[in-house]
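**Q** Test case, fold it:
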Amino acid sequence: MIKQALKEYACRNNPPLQVSFFWCGESPLEKKSIPNLAKAIADIVDKYCSYGEIKLKEQLENTPLEGILDSIVIRRLHGLQRNEWISPEAGWVGIEPQELQNIISSKQKNMRRYLAKCNTVWLVIYAEGNHISSTVVLSDIEKIAKQHQFISHFQRVVFFDL
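**A** The predicted structure is shown next:
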């Protein structure tokens, strides 16, 4: 949707901008609505492109973007040669003991098959950290591991935080 909006905006011969989109994430988008939403994004960015920097929040109310975008930050930077439209990820991520137990339990269904090929089976839970969904606070994991006893048939469970 952002690529389509950027293409629409660029066709209007406006100055290059740095634009950040912050999503509500409350409702999934239907594919058929994307062209209209992309046009609405291009229209609102076009309307405010002459400002040096502006955060649009209230301006999204009563538009097709309400409930989809929380806010849009538009920056007109000196020397910017091309448009930079991004959707940064941010947020607090916590993990509860039951979530960790659910991960461990969900992996145990293949235990018999694993043990047919080897004597020892470890589970490695991998948090790569490249996206908000794979990021955790390591001290939270350490605290949970000390305070809770997890049920597992694995010989060892390792939480690998890249």
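
**Q** can you list the domains in this structure?
**A** Using automatic domain parsing, the domain parsing of the chain gives 2-86, 97-161.

**Q** So for the longest one, mean pLDDT?
**A** What domain 2-86 shows for mean pLDDT is 91.

**Q** re earlier: output the domains of the chain in JSON lines; the columns should cover mean neighbour count.
**A** C-beta: built from backbone N, CA, C; applies to glycine. Shown next, in JSON lines, are these (neighbours: other CB atoms under 10 Å):
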{"stretch": "domain 2-86", "mean neighbour count": "15"}
{"stretch": "domain 97-161", "mean neighbour count": "12"}
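
**Q** Distance of residue 45 relative to residue 116?
**A** Going from residue 45 to residue 116 by CB to CB, to the nearest Å gives 58 Å.

**Q** go on, residue 160?
**A** Taken as CB to CB, the span from residue 160 to residue 116 is 25 Å.

**Q** same question, residue 71
**A** 54 Å.

**Q** Same question for residue 54.
**A** Plainly put, residue 54 is 62 Å away from residue 116 if you go by CB to CB.

**Q** All set, thanks.
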